[in-house]
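Trainee: Output the structure for:
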Amino acid sequence: MISIAIFLTLCFGGLIALVIAVIVLLSLRRPTYNSAAALDAFEQRVVGWGAAGRIQADLVAQLRTLIAADRMQLLGHLPAVPRPLAVDPRPQARDTRPLAADPRPQARATMPLEADLMPQAAPPVLHADTGHQPPSADQRLAAPAADLRSSTPQLLSSLLALTTRRTLLFLGSFLLAVSALTLVIFNWASFPPLIQFGLLAFIAGGLWAGGTWMTSRPDLTTAGRNLQAVAALLVPVVAFALTRPGLLGMAPRASWLAVSLISLPCYLLAAWRTGRGFYSFSAAITAISAVLAAQFGVRAEWLAVPLAPLLTGYLALAWWLRPRAPALAVGPRWVAQIVLPTAVLGELLLGRLGLAGTPALAAMLGLSALFYVVAAWLDSRAAWSLLAALLLPAAVCLGIDAAHLPTQIVPPALATLALAYLGIGVALEGRRLALARPPALLAPLLAGVALLSALIDPEVTRTTMPLLVGLGAAAFVLVERGRMAWVGSWRHAVAT
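Mentor: This next block holds a predicted model:
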């Protein structure tokens with residue numbers, strides 16, 4: 001059994017080392033441009049340009065001189081001055097013919113001269129040979145051959161692109177995961193729990209160590225981060241292997257809590273060390289998992305209620321991290337905005353099925369309204385203000401029913417909310433108009449519902465009408481003093 005475990009460990013370690021080695025080798029290999037063959041091909045191309053009249057003869061001579069010096073430097077010789085070109089003693093007229101137009105725009109790009117890289121020496125005396133010789137047949141045949149030879153480095157360069165390396169990385173990780181799953185399905189039960197835990201911990205640690213080393217290299221940063229992300233995803237699996245029978249032997253609920261509590265500090269440490277939003281997102285999800293797992297013996301209708309204060313804290317944490325670590329602020333904010341609506345919908349579904357009573361529904365809606373109040377105050381979005389203004393009346397009505405109070409209290413409560421909404425809208429219209437509009441627009445709606453209820457029951461009328469009269473008088477006074485100008489011409493009709 002020990003030999004089999006050692007063999008499996010070596011196999012997994014070999015797979016990890018093979019993936020990392022392939023990525024490193026692919027990144028280290030580069031097309032060789034600084035070679036004698038490359039200089040010969042470039043010289044032939046320069047000669048062809050001169051023969052076609054695309055560059056002047058003196059520039060051809062200067063480029064060939066620089067190429068010859070670089071060739072000698074690559075071959076290990078001292079950069080000597082090449083033999084000057086033959087000089088014709090007979091005076092000849094300077095060729096003033098215009099250069100032929102270049103059909104390819106990219107051919108006119110200025111070639112980088114390497115004169116600045118050469119040692120400072122006396123510049124060679126160049127004698128331009130106006131009687132330039134056309135390229136021979138061998139040179140004309142060698143140029144296409146050089147193009148064929150240069151196509152191979154271009155192909156290798158495309159294969160070694162960043163996208164290809166990422167694909168190879170994910171492919172290697174996928175094959176590693178498939179081999180691990182195959183081992184789990186067929187042979188996992190035959191190994192002791194300690195060996196199982198050791199194998200998983202070795203894989204996760206190896207991936208994280210390899211990713212950490214790769215992130216230190218500029219050309220492997222992205223690949224290293226991806227390896228670290230794969231290792232981070234394996235942390236809950238390793239923690240679960242520790243809680244299985246034979247090691248800690250925990251019950252399912254206790255194992256869930258232990259996995260969450262072990263994974264949470266790992267993700268927090270990774271987020272602090274790397275500054276990546278992926279780990280802050282994982283830490284936020286793990287904290288929610290820990291809160292759910294910690295509620296032993298709690299009924300299903302109350303499981304989501306503690307999540308609302310936690311998610312409200314996520315909003316405050318994201319607001320605090322935004323100017324300090326913007327990448328880390330994204331995770332808690334998105335988790336809060338996604339999980340809370342999901343929890344509210346789940347609670348409403350339980351209530352529709354008869355599995356949740358009005359106390360749990362009222363508590364969930366009230367805490368959700370507080371969540372959106374904090375979100376609106378920190379983010380100043382009209383959508384958050386509208387959701388808070390809609391959830392609060394529902395929470396108040398359900399709370400009255402949960403407290404077994406008489407239903408005659410509902411209309412006065414709605415009228416009071418309408419009066420409060422009007423005051424909030426007026427108070428915020430000068431500083432945060434986007435937050436002032438939703439409660440101010442919902443105030444007449446709540447007043448209308450309270451008025452209809454008051455007209456049905458005379459007992460309710462005596463408690464509700466004074467509040468509604470006060471609401472109307474307040475609206476009239478505010479409009480006459482020029483407030484609520486954003487409503488437009490309708491504000492006078494509403495006040496009347």
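Trainee: Show me where this protein dips below the pLDDT cut-off.
Mentor: By pLDDT under 70, the weakly predicted segments of the chain are 1-35, 76-167, 170, 173-174, 177-178, 180-189, 482, 484-496.
Trainee: Specify the residue ranges that define each domain of it.
Mentor: When the chain is parsed with automatic domain parsing, its domains come out as 250-405, 408-496.
Trainee: can you put the ones you listed in a markdown table and add mean neighbour count and distance to residue 45?
Mentor: All C-beta atoms are positioned from the backbone trio N, CA, C, and that covers glycine. What follows is these, written out as a markdown table (neighbours: other Cβ atoms under 10 Å; distance: least, Cβ to Cβ, whole Å):
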| stretch | mean neighbour count | distance to residue 45 |
| --- | --- | --- |
| domain 250-405 | 18 | 47 |
| domain 408-496 | 17 | 64 |
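Trainee: quick one, helices of the stretch 151-300 of the chain?
Mentor: Remark: helices of the stretch 151-300 of the chain, listed N- to C-terminal, are 162-187, 193-215, 221-233, 235-242, 252-274, 277-293; assignment by DSSP state H, counting those that start in this stretch.
Trainee: who wins for proximity to residue 74 among those helices?
Mentor: Closest of the helices of the stretch 151-300 of the chain to residue 74 is helix 162-187, at 29.6 Å (criterion: Cβ to Cβ).
Trainee: would you turn the helices of the stretch 151-300 of the chain into TSV with distance to residue 304?
Mentor: Shown next, in TSV, are those (distance: least, Cβ to Cβ, whole Å):
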stretch	distance to residue 304
helix 162-187	33
helix 193-215	31
helix 221-233	26
helix 235-242	22
helix 252-274	16
helix 277-293	9
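Trainee: helices and strands around the one helix or strand residue 419 maps to, which ones?
Mentor: Per DSSP states H and E: residue 419 is located in helix 410-428. In terms of contact count using 3 or more Cβ pairs under 8 Å, 6 or more residues apart in numbering; DSSP states H and E, helix 410-428 is assigned the packing partners helix 382-402, helix 433-456, helix 458-480.
Trainee: Distance to residue 38 added to these, as JSON lines?
Mentor: Conversion of these to JSON lines gives the following (distance: least, Cβ to Cβ, whole Å):
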{"stretch": "helix 382-402", "distance to residue 38": "61"}
{"stretch": "helix 433-456", "distance to residue 38": "63"}
{"stretch": "helix 458-480", "distance to residue 38": "82"}
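Trainee: From residue 373, how far out is the nearest residue to residue 261 once chain neighbours are set aside?
Mentor: Computed as Cβ to Cβ, 6 or more residues apart in numbering, the closest residue to residue 261 that is not its neighbour in sequence is residue 290, at 5.9 Å. Note on residue 290: its distance to residue 373, by Cβ to Cβ, to the nearest Å, is 26 Å.
Trainee: rewinding a little: out of the domains of the chain, the one nearest residue 212 is which?
Mentor: domain 250-405 (9.3 Å).
Trainee: returning to what we had before: of all the helices of the stretch 151-300 of the chain, which lies closest to residue 323?
Mentor: Each of the helices of the stretch 151-300 of the chain has some distance to residue 323 by Cβ to Cβ; the shortest is helix 277-293, at 15.4 Å.
Trainee: tell me the contacts of residue 400?
Mentor: For residue 400, the contacting residues are 407, 409, 410, 413, taking Cβ atoms under 8 Å, 6 or more residues apart in numbering as the criterion.
Trainee: Go through these and name the one nearest residue 217.
Mentor: Of all the contacts of residue 400, the one with the least separation from residue 217 (Cβ to Cβ) is residue 413, at 64.8 Å.
Trainee: pretty sure the closest one contacts residue 396?
Mentor: Yes. Counting by Cβ atoms under 8 Å, a contact exists between residue 413 and residue 396, whose distance comes to 5.4 Å.
Trainee: What sits closest to residue 322 if chain neighbours are left out?
Mentor: With Cβ to Cβ, 6+ apart as the criterion, residue 322 has its nearest non-adjacent residue at 4.5 Å, and that residue is residue 329.
Trainee: again, but for residue 366
Mentor: The spatially closest residue to residue 366, leaving aside those adjacent along the chain, is residue 395, at 3.9 Å (Cβ to Cβ, 6+ apart).
Trainee: Which residues are in contact with the one you found?
Mentor: For residue 395, the residues meeting the contact criterion (Cβ under 8 Å, 6+ apart) are 362, 365, 366, 368, 369.
Trainee: Tabulate those in a markdown table, adding columns for secondary structure and distance to residue 421.
Mentor: Formatted as a markdown table, the entries for the contacts of residue 395 read as follows, by DSSP: H, G, I helix; E, B strand; the rest coil; distance: Cβ to Cβ, whole Å:
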| residue | secondary structure | distance to residue 421 |
| --- | --- | --- |
| 362 | helix | 19 |
| 365 | helix | 17 |
| 366 | helix | 16 |
| 368 | helix | 17 |
| 369 | helix | 13 |
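Trainee: quick check, nearest of the residues you listed to residue 308?
Mentor: residue 368 (5.9 Å).
Trainee: Surely the closest one and residue 392 touch.
Mentor: No. Between residue 368 and residue 392 there is no contact under Cβ under 8 Å: 9.3 Å.
Trainee: which residues do those two both contact?
Mentor: Counting by Cβ under 8 Å, 6+ apart, residue 368 and residue 392 have no shared contacts at all.
Trainee: if we can go back for a sec, so which of the helices and strands packed on helix 410-428 comes closest to residue 419?
Mentor: Put simply, out of the helices and strands packed on helix 410-428 the one that sits nearest residue 419 is helix 458-480, at 5.0 Å, with distance taken as Cβ to Cβ.
Trainee: Dump the closest one to PDB, restricted to CA.
Mentor: Only the C-alpha atoms of helix 458-480 are listed here, as PDB (Å, rounded to 0.1, in the frame of the first residue of the first chain):
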ATOM      1  CA  PRO A 458     -65.200  54.400  10.600                       C
ATOM      2  CA  GLU A 459     -63.000  53.400  13.500                       C
ATOM      3  CA  VAL A 460     -60.000  53.500  11.200                       C
ATOM      4  CA  THR A 461     -61.100  56.900   9.800                       C
ATOM      5  CA  ARG A 462     -60.700  58.600  13.200                       C
ATOM      6  CA  THR A 463     -57.000  57.500  13.500                       C
ATOM      7  CA  THR A 464     -56.000  57.800   9.800                       C
ATOM      8  CA  MET A 465     -57.600  61.000   8.600                       C
ATOM      9  CA  PRO A 466     -55.600  63.400  10.800                       C
ATOM     10  CA  LEU A 467     -52.400  61.900   9.400                       C
ATOM     11  CA  LEU A 468     -53.600  62.200   5.800                       C
ATOM     12  CA  VAL A 469     -54.700  65.800   6.400                       C
ATOM     13  CA  GLY A 470     -51.300  66.600   7.800                       C
ATOM     14  CA  LEU A 471     -49.700  65.000   4.800                       C
ATOM     15  CA  GLY A 472     -51.800  67.100   2.400                       C
ATOM     16  CA  ALA A 473     -51.100  70.300   4.300                       C
ATOM     17  CA  ALA A 474     -47.400  69.600   4.400                       C
ATOM     18  CA  ALA A 475     -47.400  69.000   0.600                       C
ATOM     19  CA  PHE A 476     -49.300  72.200   0.000                       C
ATOM     20  CA  VAL A 477     -46.900  74.300   2.100                       C
ATOM     21  CA  LEU A 478     -43.800  72.700   0.500                       C
ATOM     22  CA  VAL A 479     -45.100  73.400  -3.000                       C
ATOM     23  CA  GLU A 480     -46.000  77.000  -2.200                       C
END
